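Asks: no FASTA, just this:
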């Protein structure tokens, strides 16, 4: 079998709406990826620990509560500390366009806002994952 | 139908079918099969034949009478319009207080409080997990002090307040009662609702704290306390809204919500309460989704099914116990981030659905909700939508106007049947809590959600502006931003609070709480005492966490 | 390098597992280096039907070992879709708080089209975690299909987790599956029917051919943290039994053989598939001009005459 891309799908913070995360997890699975789903209420530390142990190539976080400006940069910081900066870091959810530039500066490679087809996220990952 | 008429009709119908064959051979229909939003097949035509088994009295009945298909009040909106209740709250208690006063001035008649995530999950604003979340999706309430600010200048005997709070509902209700007391308003004058529906948290919303059994105990304690002390309070809002938002179909929304309702009733009965003493105060909360006609049928089916369950399964005697009163919110997940003006139209259609469906109160979403919390301007438009429907569309002037429509009645029957099917399956599993443990409910919802997404991406499901009629748009501007300083402000206030209050009194109250949690005494009185000492939400919840444990999530993808 | 130190280098461990799982260049050297250092970890295989609470129980047991100062590794295996080649690996969720604990290492793996049996990759991952410092290793599989039986060829103790309310499922469970259990746990013991499940289990076990070790049936609740000490004791008693009767040696010999065969299988299949004649022989099989045995014989000949690449 072809080597599947390993993706961590995580829900940081207290937001409990996981429909988006679960739909994207299924979409990734159907696209042949190995998805490690962390469940809700992940701290940045838990997300990064999982990313390291699972040696994923992509860290995908879903966040709808508005706490993205705090949580996403923190996750990136921790990834850097663990020398896991080469992991592709993407985000999805309710994130205003105005914040996207800031997040990209902080190392988020792409932000998928509501209405984005799952195929777009899959393609982006296939094109940008470091292999 | 009369016999001769029926003969004539059936033969006319046959001719129609033949005509259809000829017509579609030359002009095929847009699709081979038409589906409602819930993937239920929608026929080309519904006729008297589709409804011939329906008994106009037993099945449809009259408004205000069992089985309440046509509505829970005899005059419905001719007597009083539905309550226009806009969910609001963000950042600090002061700002939320201002927004409430604005909305009351604008003609809203009930308050609906949104709390931030740390509050909903029982964390104070200075908890490590609260970082970045304080005040973001609702108001931050750390203690009674914040609650007093929230309702400052709002007479609690004159408004009805709905609080969207679940796991720590007992604590927020206690605070509300304490604020009212300070205003000189006695408990029996208080009107409102707490959502208090933990089962749907496990299923679809995620703001749970404790495991199932202690959570059910807290809920039944609230039922028992309020039935004596706060008799006008709706002690639970059994919710289907979130189940629908998580991706379920319309029948699943009804089936799973009522299954949860059954679980709460059974818990209350097991705790020794008499059905007619708490059932009249149970209320529901549904979604108003896009498929207008399916939604109307859904509301009617839910009402009838619940009435039948309460009477036949639980033997309720008081008609009030059989009446399903519900609040509705237009479906947030149907709104798009693209061409947000279109959302105003979607919400208008969903408003029609809720009103034609007989809702008791309604929240309409604002156009910018796929992007952020709404601005004052967009909330105003959402409120005006309800007011225009109420005063200009005419649909509120006669009761249950769509009754008798062949499609609506056939659809109402179909939804009731399918929902009942789900309930039976859940019964076989041992009830909703067990079905949740087994992941059955979550899996059904997840499958429906995924199918919905696939249909959109295939183009089978058109979402205007998203997969059809797209335009290139500039980034939206003027969105509401909650800035991070809210968290800092709350933290400072907490420090000050802890310095000012009588910490020994707090300790004593918390110890009493711990003892009561361990016993089977009703928790409400001791929680009210605790909040009055200005023990914080987090401190009170921590005692409960200690005694009850924490819920472990299951994984169903 | 001491085992404790190796255990802390999580990124390195994780990357080694990735390398062997995907047969990346250098993976054989990795195994060569670590193989001598294996043999310290005690491997507990956990299997049972879906919904039995295996992950929660793993988490509960792991906590116990961690509190005793041991280093615990978990390999959680979930099925890969034969159609898409993808999978959703969700067992970590039950072990959330422990995932950041320095003594804990959790790795999720998909079955990746392994036709029956655990993959060579799983054997290798066990070796890596063992060599890098694990004191206890949990291998968790879904209890449907072949992998649950295969787990016995990798574990020192097989823990079968059952749950009340599965009713007829105990009767329906094939004897072969029951035979591999060394210790049985009835989880969610607070649920109605738990005692019945225990009785049915014990009855079923009594019908199996008698062995020297009589598998105990422990009543536990991972959620309410009950019965865990008894379960731990049962596991360590099994360990002691095996040590006392020389069984552990035998078992590990058999497991080593399994690892070898798994690796051989992988290599052979890879070699055969890259043979030029493979597609052609398949085509002839479809046309019925050759039978599978003849095709296999020809491909084997090809292997003999092939040189090491």
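Replies: Done, it's in. What you see is a predicted model, and the numbers here were worked out from it, not measured in a lab. Residues are numbered from 1 along each chain as shown, chains lettered A, B, ... in the order given.

Asks: tell me which parts of the stretch 151-300 of chain C are close to chain B?
Replies: Residues of the stretch 151-300 of chain C lying close to chain B (C-beta under 8 Å from any C-beta of the partner chain) are C:165, C:192, C:223, C:224. Backbone N, C-alpha and C define where each C-beta goes, glycine included.

Asks: next one: the third one, what pLDDT does it get?
Replies: If I follow you right, that is residue C:223. pLDDT for residue C:223: 82.

Asks: so it sits right up against residue B:552, yeah?
Replies: Yes: with contact defined as C-beta atoms under 8 Å, residue C:223 and residue B:552 form a contacting pair (6.6 Å).

Asks: list residues touching both of the two?
Replies: The contact sets of residue C:223 and residue B:552 overlap at B:211, C:56 (C-beta atoms under 8 Å, 6 or more residues apart in numbering or on different chains).

Asks: quick one: mean pLDDT over the helix or strand in which residue B:506 is found.
Replies: Secondary structure from DSSP states H and E places residue B:506 in helix B:503-518. Averaged over helix B:503-518, pLDDT sits at 97.

Asks: starting at the chain centroid, how far to the host helix or strand of residue A:53?
Replies: Residue A:53 is located in helix A:44-54, with elements delineated by DSSP H and E. Put simply, helix A:44-54 sits 12 Å off its chain's centre (C-alpha atoms, centre = their mean, to the nearest Å).

Asks: may I see the buried residues of it?
Replies: Neighbour counts over helix A:44-54 (16 or more other C-beta atoms under 10 Å in any protein chain shown) mark A:44, A:46, A:47, A:48, A:49, A:50, A:51, A:52, A:53, A:54 as buried.

Asks: break chain C into its domains for me.
Replies: According to automatic domain parsing, chain C is divided into the following domains: C:3-247, C:262-305.

Asks: quick one: the shortest one near chain A?
Replies: No: counting by C-beta under 8 Å from any C-beta, no contacts exist between domain C:262-305 and chain A, the nearest distance being 11.2 Å.

Asks: can you list the neighbours in contact with stretch C:298-306?
Replies: Here stretch C:298-306 makes contact (C-beta under 8 Å, 6+ apart) with C:268, C:271, C:272, C:275, C:277, C:278, C:281.

Asks: hang on, residue A:107 in a helix?
Replies: No: read with DSSP: H, G, I helix; E, B strand; the rest coil, residue A:107 is coil and lies in no helix.

Asks: residue contacts, residue B:205?
Replies: Contacts of residue B:205 by C-beta under 8 Å, 6+ apart are A:16, A:17, B:166, B:242, B:246.

Asks: now with 7 Å, please.
Replies: Counting by C-beta atoms under 7 Å, 6 or more residues apart in numbering or on different chains, residue B:205 makes contact with A:16, B:242.

Asks: next one: residue B:537
Replies: Residues in contact with residue B:537 (C-beta under 7 Å, 6+ apart) are B:119, B:122, B:124, B:141, B:142, B:143, B:168, B:171.

Asks: against which helices or strands is the helix holding residue B:506 packed?
Replies: With contacts taken as 3 or more C-beta pairs under 7 Å, 6 or more residues apart in numbering or on different chains; DSSP states H and E, helix B:503-518 sits against helix B:524-532, helix B:537-548.

Asks: average pLDDT for the helix holding residue A:53, rounded please.
Replies: Taken as a whole, helix A:44-54 has a mean pLDDT of 96.

Asks: same check on stretch C:137-157?
Replies: In the prediction, stretch C:137-157 has an average pLDDT of 77.

Asks: residue 38 - how many residues pack around it?
Replies: Since no chain was named, I'll use chain A. 25 (other C-beta atoms under 10 Å in any protein chain shown).

Asks: meant chain C actually
Replies: Here the number of neighbours of residue C:38 (other C-beta under 10 Å) works out to 19.

Asks: identify the residue nearest it in space, chain neighbours excluded?
Replies: Nearest-residue entry for residue C:38: residue C:130, 4.4 Å, with adjacent residues in sequence omitted and distances by C-beta to C-beta, 6 or more residues apart in numbering or on different chains.

Asks: now that neighbour. Its backbone dihedrals?
Replies: When read as degrees, to the nearest 10, the backbone of residue C:130 gives phi -60, psi -50.

Asks: which residues does it contact?
Replies: Per C-beta under 7 Å, 6+ apart, neighbours of residue C:130: C:38, C:39, C:40, C:41, C:137.

Asks: just checking, the first one touches residue C:131?
Replies: Yes: applying C-beta atoms under 7 Å, one finds residue C:38 in contact with residue C:131, separated by 5.0 Å.

Asks: contact residues of chain A facing chain C?
Replies: A:1-4, A:25, A:28-39, A:45-46, A:49-50, A:52-55, A:82-84 (C-beta under 7 Å from any C-beta of the partner chain).

Asks: compute the number of surrounding residues for the nearest residue to residue B:289 once chain neighbours are set aside.
Replies: Leaving aside its sequence neighbours, residue B:289 sits nearest to residue B:331 (C-beta to C-beta, 6+ apart; 4.5 Å). When counting by other C-beta under 10 Å, one arrives at 22 neighbours for residue B:331.

Asks: you'd agree residue B:331 is up against residue B:353?
Replies: No: with contact defined as C-beta under 7 Å, residue B:331 does not reach residue B:353; the gap is 9.6 Å.

Asks: find the residues that touch each one of those two.
Replies: residue B:288.

Asks: residues touching residue 62, list them.
Replies: As the question left the chain open, I've gone with chain A. A:9, A:11, A:20, A:21, A:24, A:92, A:93.

Asks: let me rephrase: I mean chain C.
Replies: C:72, C:74, C:98, C:104, C:138.

Asks: among those residues, find me the one that's closest to chain B.
Replies: residue C:98 (12.4 Å; C-beta to the nearest C-beta).
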